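>>> after the sequence you'll find the predicted model.
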Amino acid sequence: MNIRNIEEINQKIQRGEATVLTAEEVSNLVRDGEEPKAEDIDVVTAGTCGIMSGTAAVFHIPAGEPGSFKKAKKVLLNGVPGFSGPCPNEWLGSVDLIAYGTSRSIYDEDYGGGFLFKDIVKGKDIEIEVESINGEIIKSTTNINEMGMARMVGTRLAFKNYTAFLNPTEEPVASIFNAVDMEGPFKGLSFSGCGELNPLQNDPEMKTIKTGTKVLLCGSEGIVLGSGTRSAPEKPNLMIAADMVDMDPHYLGGFKTAAGPEVFNSVAAAIPILNDEILKNTFILNKDIPLPVADIRGRHKVLGFTDYASVWTNNDERPVYDPEACLNCGVCMVRERCPTGAYEGTLNEEKCFGCGMCASSCQHGAFEMKRGELKFKMDDEVIDVPIICRQSDIKRARELTGELKKRIIEGKFSISGWY
């Protein structure tokens with residue numbers, strides 16, 4: 001039975017009286033032996049940040065003077081292919097297009113859609129190349145302030161269930177699930193997911209996070225369009241859209257992998273506490289969330305299981321860089337491998353994703369980061385594997401979750417009434 005409704009919660013938000021906790025704050029109370037009561041909490045905020053391959057953006061961009069070309073055949077944004085249409089935009093000098101977060105620049109194999117999206121949100125000028133249906137080449141520049149539309153659409157975001165990966169074979173394997181070719185056998189593990197902070201982990205049956213729910217996508221107020229592609233009741237995910245004009249570039253970007261550039265972004269959701277059942281779903285703890293460990297050659301080949309306490313608890317969220325320990329190697333493996341380009345002789349903490357590749361790549365101890373070593377059962381054997389790459393960023397997830405809590409407390413974010 002509900003103890004309150006959405007209208008009552010929104011009224012408390014507007015009066016500045018709503019009690020809001022993050023999912024981690026709830027979990028910490030449970031860990032300490034307390035059991036929060038539904039009548040004492042109005043909203044729980046949850047969030048995640050990580051590689052979200054099903055991310056695209058819809059743009060309407062000025063490409064040339066009106067009448068300068070009839071229709072676009074091919075479009076490049078900073079060398080990243082866009083797909084023009086469906087609207088022909090005849091003779092307008094502008095183009096409707098879709099760009100994928102996983103598309104790769106034809107000029108720079110390390111630059112892709114995720115890096116492009118971050119540059120656009122930062123307000124940078126973007127190089128446009130259009131080939132018309134008549135073979136004309138039109139070059140120009142634009143930025144987000146000149147675009148008629150810049151909207152992100154995620155076709156499968158914020159998965160409830162993730163899989164960790166390792167290579168049980170002798171041969172290195174290139175995959176989107178690791179920043180570099182993964183060595184084997186059992187030399188390292190990569191994983192995704194923010195565990196007890198993750199939105200759908202706190203609302204596993206999607207009782208409150210559903211079609212029409214307002215969320216934050218990379219800091220912009222967006223909306224859940226419904227379940228995402230490949231979503232299933234036991235493994236749900238979300239389709240979300242939001243305006244890129246209002247996004248914070250801190251929460252999105254590109255991420256290099258062994259199989260090409262990917263995109264990371266961040267999602268935060270507000271869970272209205274309407275009854276005891278909804279609140280109790282947020283009592284989830286990392287130690288109780290299973291994390292399958294699979295062969296990187298196919299996620300259906302599950303080798304064993306661990307949990308999110310094993311990958312997050314008592315580990316560092318960011319590396320510590322000691323320039324005195326740097327030997328200025330001719331080929332710097334950290335510079336070559338850093339998925340977000342955070343190391344260029346110094347560590348750019350704003351770009352850093354906390355993936356751990358620097359610490360696992362530098363042989364001279366210039367980067368220190370406790371990443372954890374995983375023990376899991378495979379058949380009857382216990383396997384020890386070091387964590388070498390995180391594809392989720394708990395720090396950014398926590399920051400966006402806190403930002404959503406702040407907006408609700410300040411009366412700047414109301415709860416959707418689709419229940």
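Nice, thanks for sending it over.

>>> what's the next secondary structure element after the helix or strand of the chain with the lowest mean pLDDT?
Ranked by mean pLDDT, DSSP states H and E, the weakest helix or strand in the chain is strand 373-378, scoring a mean of 77. Downstream of strand 373-378, the first helix or strand assigned by DSSP states H and E is strand 381-390.

>>> quick one: buried residues of the helix or strand following that next one?
Going down the chain from strand 381-390, the next helix or strand is helix 394-409, by DSSP H and E. Buried residues in helix 394-409, counted by 16 or more other C-beta atoms under 10 Å: 394, 396-405, 407-409. C-beta here means a position set from N, CA and C on the backbone, and glycine is covered the same way.

>>> can you check stretch 255-265 too?
In stretch 255-265, counting by 16+ other C-beta under 10 Å, buried: 255-258, 261-265.

>>> and which of the residues you listed is nearest Thr340?
Phe255 (6.0 Å; C-beta to C-beta).

>>> neighbouring strands - and their directions - for whichever strand or helix holds that closest one?
Using DSSP H and E, Phe255 maps to strand 253-257. Each strand that pairs with strand 253-257, with its direction, by DSSP bridges: strand 260-272 (antiparallel).

>>> re the thing from before, now the strand holding Phe255: average pLDDT?
Confidence over strand 253-257 (mean pLDDT, whole number) is 98.

>>> could you do stretch 409-418 as well?
89.

>>> restrict it to CA atoms and write it as PDB.
Taking C-alpha atoms only, stretch 409-418 is exported to PDB below (Å, rounded to 0.1, in the frame of the first residue of the first chain):
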ATOM      1  CA  ILE A 409      16.400  19.500  -2.600                       C
ATOM      2  CA  GLU A 410      16.600  22.900  -4.300                       C
ATOM      3  CA  GLY A 411      13.300  22.400  -6.000                       C
ATOM      4  CA  LYS A 412      14.800  22.300  -9.500                       C
ATOM      5  CA  PHE A 413      13.800  18.800 -10.400                       C
ATOM      6  CA  SER A 414      10.300  17.300  -9.900                       C
ATOM      7  CA  ILE A 415       9.300  13.700 -10.100                       C
ATOM      8  CA  SER A 416       7.500  12.400 -13.200                       C
ATOM      9  CA  GLY A 417       3.800  11.400 -12.500                       C
ATOM     10  CA  TRP A 418       3.700   8.300 -14.700                       C
END
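
>>> for Val81, list each beta-bridge partner.
Check again: residue 81 is Pro, not Val. Applying DSSP bridges to Pro81 gives these bridge partners: Leu76.

>>> residues contacting it?
74-75, 99, 103, 106 (C-beta atoms under 8 Å, 6 or more residues apart in numbering).

>>> one more: Pro185?
167-170.

>>> could you dump those residues to CSV with pLDDT and distance to Glu35?
CSV is the format used below for those (pLDDT from 0 to 100; distance: C-beta to C-beta, whole Å):
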residue, pLDDT, distance to Glu35
Asn167, 95, 42
Pro168, 93, 42
Thr169, 94, 47
Glu170, 95, 50
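
>>> can you flag the buried ones in these?
Applying 16+ other C-beta under 10 Å to the contacts of Pro185 flags 167-168 as buried.

>>> in TSV, list the contacts of Pro185 along with distance to Val385 and secondary structure.
What follows is the contacts of Pro185, written out as TSV (distance: C-beta to C-beta, whole Å; DSSP: H, G, I helix; E, B strand; the rest coil):
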residue	distance to Val385	secondary structure
Asn167	10	coil
Pro168	10	coil
Thr169	14	coil
Glu170	15	coil
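
>>> re earlier: tell me the two of the buried residues of stretch 255-265 that are most distant?
Most distant of these, by C-beta to C-beta, are Ala258 and Asn265, 20.6 Å apart.

>>> can you give the distance of stretch 328-339 from its chain's centre?
24 Å (C-alpha atoms, centre = their mean, to the nearest Å).

>>> cool, stretch 31-41 as well?
That offset, for stretch 31-41, works out to 29 Å (C-alpha atoms, centre = their mean).

>>> likewise stretch 44-60?
Distance, centroid of stretch 44-60 to centroid of chain: 5 Å (C-alpha atoms, centre = their mean).

>>> over to stretch 237-250?
10 Å.

>>> name the residues of it that are buried.
237-242, 244, 247-250.

>>> ok, now stretch 30-50?
30, 36, 38, 41-50.

>>> from the buried residues of stretch 255-265, which is closest to Gly113?
Val263 (5.8 Å).

>>> and the closest one, what is it in contact with?
51-53, 55, 101-102, 112-114, 117, 252-255.

>>> that one and Asp288: what is the separation?
Using C-beta to C-beta, to the nearest Å, we find Val263 at a distance of 30 Å from Asp288.

>>> can you check Gly54 too?
Taking C-beta to C-beta, one finds Gly54 at 28 Å from Asp288.

>>> higher neighbour count, these two?
Set Gly54 next to Asp288 and count neighbours by other C-beta atoms under 10 Å: Gly54 wins out with 18 against 14.

>>> so the more buried one is in contact with Gly228, correct?
Yes: using C-beta atoms under 8 Å, Gly54 is in contact with Gly228, at 6.5 Å.

>>> ok, Glu65 - contacts?
Gly93.

>>> next one: the one 3 residues further on
If you count contacts by C-beta under 8 Å, 6+ apart, Ser68 has them with 93, 136, 138.
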